[in-house]
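Novice: Provided below are the primary sequence and the corresponding predicted coordinates.
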Amino acid sequence: MPRPEELSTQIFLDSGDPEDTKKALALLGFLDGQTTNPSLVAKNPALQEKIASGVVLNAREVDDFYKGVVQEISSRIPNGSVSVEVFADADTDVNTMLTQAREMFAWIPNAHIKFPTTRAGLEAANIFVKENGRVNMTLVFSQEQCAAVYAATAGAHRGDVFVSPFVGRLDDTGVDGMSLIENARTMYASGDGHVQVLVASVRNMDHFLYSLHLKADIITCPMGILEEWASTGMPLPPADYAYPDDGRTPIPFANSSLTADWRLMNITHELTDAGIERFASDWNKLIGNH
């Protein structure tokens, strides 16, 4: 199927398996990018097969596997973006993140490096974009975090910085995750456009269609969502599309400054901390550190 003419949002696949990349391209006829993370790579069938056969991997071997996965994905979508995530737990410092980022950025020509939206992650991103690196700030759950990403990456070019609010994980807590997308886009409208909103943790077609309705810059979603969209002809939502009211609490819009000192912003969020712990746990299990 050809790309829908009126589709302005970029469509990314959220997967750590290059076979999914191949399937998505065949299904849609296009794919604008792919996001990976430690948990997704840990689920990669080839890696699971190694582990099931009794192979014990060390940290370097797991890194090399990740590199191979990313390179295969990149070869399938050479004109798209591939997000590659640094390993970070609660104790990972700025220099450690930067060392990983520089190495990973050299793996492929179309990488965006995923940093957690923590103080250390923002500091690393601040330095990395000045080195002409591209970043995807992940595990975002608040408007203040979105503002901090903008301020920390000031001066970067459009296309070099993604911010990834996790809407499904907010929904899990009874909060309307899509309201964060609305708020971020409203806030960024007064800026220079260098940060692109990437809707992540997409769980259902309402997340997907409402993101299209809001004209989010990018959506990343699992294969199942893309299959569901394709099965109905890849429709775009009508102009009067209404996101269903499921009783979740909307996040109120805050007058967050895009030019304030990001180091002084309140960016702490329990879901960010929980997400870092989960990714670190999944990665450590691969090398027996659990």
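Specialist: That came through fine.
Novice: tell me the phi and psi of the residue nearest to the spatial centre of the chain?
Specialist: The chain has residue 164 as the residue nearest its centroid, 4.8 Å off, counting by Cα atoms, centre = their mean. The phi/psi pair for residue 164 (degrees, to the nearest 10) reads phi -120, psi 90.
Novice: my guess is it meets residue 145, correct?
Specialist: No - using Cβ atoms under 8 Å, residue 164 makes no contact with residue 145, being 10.1 Å away. Just so you know, the C-beta spots here come from the backbone N, C-alpha and C atoms, and that holds for glycine as well.
Novice: now do the lowest-mean-pLDDT helix or strand in the chain: which elements does it pack against?
Specialist: When each helix and strand of the chain is scored by mean pLDDT, DSSP states H and E, helix 38-42 comes last, with a mean of 82. Packing partners of helix 38-42 (3 or more Cβ pairs under 8 Å, 6 or more residues apart in numbering; DSSP states H and E): helix 59-76, helix 270-286.
Novice: picking that back up, which residues do residue 164 and residue 145 both contact?
Specialist: Jointly contacting residue 164 and residue 145 under the rule Cβ atoms under 8 Å, 6 or more residues apart in numbering are residue 137.
Novice: helices of this structure, residue ranges please.
Specialist: Secondary structure of the chain, counting by DSSP state H: helices at 18-28, 38-42, 45-52, 59-76, 94-105, 119-130, 143-152, 167-171, 177-188, 205-213, 223-231, 270-286.
Novice: deepest of those, which one?
Specialist: Of all the helices of the chain, helix 143-152 carries the top mean neighbour count, a mean of 26, counting by mean count of other Cβ atoms under 10 Å.
Novice: between helix 119-130 and it, find me the angle.
Specialist: Here helix 143-152 points in a direction 30 degrees away from that of helix 119-130 (axes from the mean of the first three to the mean of the last three Cα atoms, to 10 degrees).
Novice: what is helix 143-152 packed up against?
Specialist: helix 119-130, strand 135-140, strand 161-165, helix 177-188, strand 195-199.
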